[in-house]
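Undergrad: here's a sequence, model it:
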Amino acid sequence: MPTRALRHRIPLLERALESVLNQEAVHVVPLVVINGPDRDPEFTRRLIADRRLRVIKLEEADLPTALRTGREKVNS
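TA: Below you'll find the predicted structure:
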């Protein structure tokens, strides 16, 4: 799930993550790729601390790179 983790987008990302995590009969570990330096630091810390998630931080905002990084890190 690529995101820039911007403050005004936090509610949408939280809703998306909860939707994935609350699926029944499916064991998933969401992969969150935080894309770029403009991320909200407190929210980023919360994401990293959440043991249900796998979080990768990229320093430069680049959607194609974020998507490619996510695909390379998926364990399936």
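
Undergrad: so where does the residue sitting furthest away from the middle of the chain fall, helix or strand?
TA: Residue distances from the centre of the chain (C-alpha atoms, centre = their mean) peak at Ala25, which lies 21.8 Å from the mean C-alpha position. Under DSSP states H and E, no helix or strand contains Ala25.

Undergrad: equivalent analysis for Val55, please.
TA: In the assignment (DSSP H and E), Val55 maps to strand 54-58.

Undergrad: helices or strands up against that strand?
TA: strand 31-35, helix 41-49, helix 63-73 (3 or more C-beta pairs under 8 Å, 6 or more residues apart in numbering; DSSP states H and E). Just so you know, the C-beta spots here come from the backbone N, C-alpha and C atoms, and that holds for glycine as well.

Undergrad: do you know which of those lies nearest Leu6?
TA: helix 41-49 (8.7 Å; C-beta to C-beta).

Undergrad: which helices and strands does that closest one pack with?
TA: Going by 3+ C-beta pairs under 8 Å, 6+ apart, helix 41-49 lies up against strand 31-35, strand 54-58.

Undergrad: for the ones you listed, give me JSON lines that also has mean pLDDT.
TA: Shown next, in JSON lines, are the helices and strands packed on helix 41-49 (pLDDT from 0 to 100):
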{"stretch": "strand 31-35", "mean pLDDT": "95"}
{"stretch": "strand 54-58", "mean pLDDT": "96"}
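
Undergrad: distance of the nearest residue to Val74 once chain neighbours are set aside relative to His8?
TA: Distances taken as C-beta to C-beta, 6 or more residues apart in numbering place Leu31 nearest to Val74, at 6.3 Å, with adjacent residues excluded. Per C-beta to C-beta, to the nearest Å, Leu31 is found 23 Å from His8.

Undergrad: now do His27
TA: From His27 to His8 the distance is 31 Å (C-beta to C-beta).
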